[in-house]
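In: sequence first, predicted model second:
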Amino acid sequence: MNLLDMIMNAQNGDVVRQVANNFQLDEGQARSAIGALVPALSKGFSNNAASGQGLDDLIGALSRGNHSRYIEQPAALTDQAAVVEGNGILGHIFGSKDVSREVASRAAERSGVDSGVLKKMLPLLASAAMGAMAKQGFASAPNQLAGDQGGGLGSLLAGFLDADKDGSILDDVIGMAGRFMR
């Protein structure tokens, strides 16, 4: 199961319902918004994990935090801690608020949900994405640098983001977005 599917299906759709409630959206709008934002998060995680330091930071964050609570108990997404943690995650994977704003702007075009709402939603989804990865057990994977042949966390993470197992996540990110833009 890929990152987008894990978030969409977590707790029988409770994450989607929680996001909808948080932002006064109907579930269809929430699904569309999540479908437009999570592929960018996936790409950000993948790009960040491609460097040794980025992968080490991701491993550290997954092993230190209690991120799985955002998937196991979606009501935790209403806590200010989810926003604070999410903004920290966004800083690591995107590097600047300008990138986050651009992601929200593009997602608004695809989803029809206001970019202001998506900017506020993005940190919560970053927290949920970390929760999905933590729930998959990435935090307990051996602390090895990402090497294609290494079989460590980098390979595990790439496999998680590469739904069709073709060695590239780009087509999966585009496909994930396409499924929820209908």
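Out: Nice, thanks for sending it over.

In: chain center to the helix or strand containing I59, what's the gap?
Out: Assigning secondary structure by DSSP states H and E places I59 in helix 52-64. On the basis of CA atoms, centre = their mean, to the nearest Å, helix 52-64 sits 15 Å off its chain's mean C-alpha point.

In: how near is the spatially most central residue of the chain to D114?
Out: Taking CA atoms, centre = their mean, the centroid of the chain lies closest to A129, which sits 3.3 Å from it. A129 is 21 Å from D114, where distance means CB to CB, to the nearest Å. All C-beta spots, glycine's among them, are computed from the backbone N, C-alpha and C.

In: could you give the angle of the longest helix along the chain to helix 52-64?
Out: When the chain is parsed with DSSP state H, its longest helix is helix 27-49. Using axes from the mean of the first three to the mean of the last three CA atoms, to 10 degrees, one finds that helix 27-49 and helix 52-64 are set 130 degrees apart in direction.

In: so what does helix 27-49 touch, helix or strand wise?
Out: helix 3-9, helix 14-22, helix 52-64, helix 80-94, helix 97-111, helix 115-135, helix 153-161, helix 170-179 (3 or more CB pairs under 8 Å, 6 or more residues apart in numbering; DSSP states H and E).

In: pull out the buried residues from the first one.
Out: Taking 16 or more other CB atoms under 10 Å as the basis for neighbour counts, the residues of helix 3-9 that come out buried are L3, L4, M6, I7, M8.

In: contacts only, for the nearest residue to G86 once chain neighbours are set aside.
Out: Distances taken as CB to CB, 6 or more residues apart in numbering place P123 nearest to G86, at 2.8 Å, with adjacent residues excluded. Residues near P123 by CB atoms under 8 Å, 6 or more residues apart in numbering: A82, V83, V84, E85, G86, N87, I89, L90.

In: now do the nearest residue to the third one once chain neighbours are set aside, the pLDDT please.
Out: With CB to CB, 6+ apart as the criterion, V84 has its nearest non-adjacent residue at 7.9 Å, and that residue is P123. In the predicted model, P123 carries a pLDDT score of 97.
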